[in-house]
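A.B. asks: structure of the sequence below:
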Amino acid sequence: MNAITPAVPLTNDIAERWRAEESLRLSEARYRRLFETAQDGILVLDAETGRVLDANPFMQVLLGYSLEEFLGRKLWEIGPFKGTEASKTVFAELQEKDRLHYEGLPLESHDGRRVEVEFVSNAFLVDERRVIQCNLRDITERKRLERLAIEKLEELARSNSELEQFAHVASHDLQEPLRAVASCVQLLQKRYAGQLDARADEFILHAVQATKRMQTLINDLLLYSRVGTQMRSFGLADAAVVLEQALASLAVALSESGTTVTHGPLPTVNADPSQLAQVFQNLIGNAIKFRGAQPSVIAIGAERRANEWLFSVSDNGIGIEEQYFERIFRVFQRLHTRRQYEGTGIGLAICKKVVERHGGRLWIESQVGKGSTFYFTIPETLQPSEVH
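C.D. replies: Down below sits the predicted model:
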């Protein structure tokens, strides 16, 4: 007598198969919905022949060709790709690689517009058949803005270069006639001092002082222009050695003012040593100039932060009000009269330009009557052990 197979397992198999088929139908429906509503153009190619198996509606919006003009044709037979060896070369690459990405691929639409697209392809299997999905995103406007930004940056760079050259040439060409004027008024002062009336002596004195100020201004302007035009290449610079060079240049001012300078461990950085010394010299020189009634003390330090070194130059001088924190870094900006403090007001502008040339930032924290701290950064290139 034959055994009878229970009906339950068969029912379970049918249910499982139905659920799998339903899940597949839902998955395909979701894919189809995404495919048809996508705001990128999508082409599906046969990996063997290059024929278009499917195209979404946005392809017509993107390039102006109907679905019928895509389906069944090889990639290089379709309008925007037609007759170009590049299209065949791209397809050959698509056959070899599972993924390709092109940025700014130029295509021509049905109405002759130039369209730049971001082209991304992925290969996968469908029922043992290898297909390639190509996504095309319109980046024409983005590319236009990128080119415009590059043009503006190049224009700005040219303008800055021309301004730097102008400042250099103007200040250099002014030197000789100014020397002649300075020599003449100094001879007048030497030869005729006391021989004319008091007003004449006063006028000559003003002329001498004015020519000296003009010479100082021209020299400072020349120095400022050279930050961008006479640049040495970057190299490994021991900040401790660079600081000693700056202090040597300030030896007389340090001695006369009774200023004490201290510093902690300083790193070796990738920098222009002469310009880094200039930064130290200007910041320390400012601290000496704007010292308070108490003995002047300047402390210099450095610490690692993320991918940069943070340097600090602190003093116990007269300090600066917060409202002037930005103004002091502008060319020829002074907060005090010449009778109070000498100078042209260009030293901090030079420091800012040098630091920015090194890819860093320069700023100040200060309290009136308590002193100031200038901070500047230099991008890090070395290991923590290389500190002296």
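A.B. asks: could you pull out the strands for this protein?
C.D. replies: 41-46, 52-55, 99-108, 114-126, 129-138, 235-238, 260-263, 268-271, 297-305, 308-315, 362-367, 371-379 (DSSP state E).
A.B. asks: want to throw those into JSON lines with mean neighbour count, mean pLDDT and distance to L156?
C.D. replies: Placement of C-beta: from N, CA and C, glycine included. As requested, these are arranged in JSON lines below (neighbours: other CB atoms under 10 Å; pLDDT from 0 to 100; distance: least, CB to CB, whole Å):
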{"stretch": "strand 41-46", "mean neighbour count": "20", "mean pLDDT": "88", "distance to L156": "36"}
{"stretch": "strand 52-55", "mean neighbour count": "20", "mean pLDDT": "89", "distance to L156": "44"}
{"stretch": "strand 99-108", "mean neighbour count": "14", "mean pLDDT": "84", "distance to L156": "24"}
{"stretch": "strand 114-126", "mean neighbour count": "16", "mean pLDDT": "87", "distance to L156": "25"}
{"stretch": "strand 129-138", "mean neighbour count": "18", "mean pLDDT": "89", "distance to L156": "29"}
{"stretch": "strand 235-238", "mean neighbour count": "15", "mean pLDDT": "89", "distance to L156": "28"}
{"stretch": "strand 260-263", "mean neighbour count": "15", "mean pLDDT": "94", "distance to L156": "37"}
{"stretch": "strand 268-271", "mean neighbour count": "22", "mean pLDDT": "91", "distance to L156": "25"}
{"stretch": "strand 297-305", "mean neighbour count": "17", "mean pLDDT": "93", "distance to L156": "29"}
{"stretch": "strand 308-315", "mean neighbour count": "22", "mean pLDDT": "94", "distance to L156": "25"}
{"stretch": "strand 362-367", "mean neighbour count": "17", "mean pLDDT": "91", "distance to L156": "21"}
{"stretch": "strand 371-379", "mean neighbour count": "21", "mean pLDDT": "93", "distance to L156": "22"}
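A.B. asks: with distance to L67 added, can I get the ones you listed in JSON lines?
C.D. replies: As requested, these are arranged in JSON lines below (distance: least, CB to CB, whole Å):
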{"stretch": "strand 41-46", "distance to L67": "11"}
{"stretch": "strand 52-55", "distance to L67": "6"}
{"stretch": "strand 99-108", "distance to L67": "17"}
{"stretch": "strand 114-126", "distance to L67": "18"}
{"stretch": "strand 129-138", "distance to L67": "15"}
{"stretch": "strand 235-238", "distance to L67": "62"}
{"stretch": "strand 260-263", "distance to L67": "74"}
{"stretch": "strand 268-271", "distance to L67": "58"}
{"stretch": "strand 297-305", "distance to L67": "57"}
{"stretch": "strand 308-315", "distance to L67": "55"}
{"stretch": "strand 362-367", "distance to L67": "60"}
{"stretch": "strand 371-379", "distance to L67": "54"}
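A.B. asks: so which of those gets nearest R17?
C.D. replies: strand 114-126 (20.3 Å; CB to CB).
A.B. asks: against which helices or strands is the closest one packed?
C.D. replies: Counting contacts by 3 or more CB pairs under 8 Å, 6 or more residues apart in numbering; DSSP states H and E, strand 114-126 is packed against helix 58-63, strand 99-108, strand 129-138, helix 140-192.
A.B. asks: most packed of the ones you listed?
C.D. replies: Between these, helix 58-63 has the highest mean count of neighbours, a mean of 20, where neighbours are mean count of other CB atoms under 10 Å.
A.B. asks: off-centre distance for it?
C.D. replies: Counting by CA atoms, centre = their mean, to the nearest Å, helix 58-63 is centred 37 Å from the centre of its parent chain.
A.B. asks: that helix - what's its average pLDDT?
C.D. replies: pLDDT averaged over helix 58-63 equals 88, rounded to a whole number.
A.B. asks: contacting residues around it?
C.D. replies: When contacts are taken as CB atoms under 8 Å, 6 or more residues apart in numbering, the neighbours of helix 58-63 outside the stretch itself are 38-43, 65-67, 70, 79-80, 107, 109-110, 115, 117, 136, 138.
A.B. asks: so how far is R357 from the residue nearest to V279 when sequence neighbours are not counted?
C.D. replies: Using CB to CB, 6 or more residues apart in numbering and skipping residues adjacent in sequence, the residue nearest V279 is C351, 4.9 Å away. Between C351 and R357 the distance, using CB to CB, to the nearest Å, works out to 11 Å.
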